[in-house]
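Novice: The following block contains a protein sequence and its predicted model.
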Amino acid sequence: MSGLTAPPLPGQAAGETGPVFREPWEAQAFALAVELSQAGHFTWDEWASALGQEIKAAQSSGDPDLGDTYYHHWLAALERLVTDKGLVVPGDMRNRRDAWELAYLDTPHGQPVKLKNSS
């Protein structure tokens, strides 16, 4: 995401260089969505629609919408879009997520998390 400075979202803290995220994965999900859109895989309007649908679905399921789950909706929208656009196969994404979870759970605190069969 070199050279990209995004404004903070409503209710999101901002630093001198842009948005401040609660967790590193939030920044990574944000950057991935921006990069995929800039690469032409989906328009920002498509992105906004997918995110809006995820937020509405979560609210309908009881999400109190306090801001702490926002990037969970962001990630769900991103996963849905990349699946719908054929950029990933749903089973492959699920398998990779499970592999990362197992790797994380098997990694001693303070050590880098590595997938098995990866360098």
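Specialist: Alright, I've got the coordinates. Computed from a predicted structure; not experimentally measured.

Novice: Val82 - how many residues pack around it?
Specialist: Look at Val82: counted by other C-beta atoms under 10 Å, it has 18 neighbours. Heads up, the C-betas are built off the backbone N, CA and C, glycines and all.

Novice: And the pLDDT at it?
Specialist: Note on Val82: pLDDT of 93.

Novice: Can you give the distance from the host helix or strand of it to the centre of its chain?
Specialist: Val82 is part of helix 70-84, with elements assigned from DSSP states H and E. Relative to its parent chain, helix 70-84 has a centroid offset of 6 Å by C-alpha atoms, centre = their mean, to the nearest Å.

Novice: can you check stretch 36-48 too?
Specialist: Remark: stretch 36-48 is offset 14 Å from the chain centroid, using C-alpha atoms, centre = their mean.

Novice: Go through that stretch and flag the buried ones.
Specialist: Using 16 or more other C-beta atoms under 10 Å as the test for burial, stretch 36-48 gives Leu36, Ser37, His41, Phe42, Trp47.

Novice: just checking, next helix/strand downstream of the helix holding Val82?
Specialist: helix 90-106.
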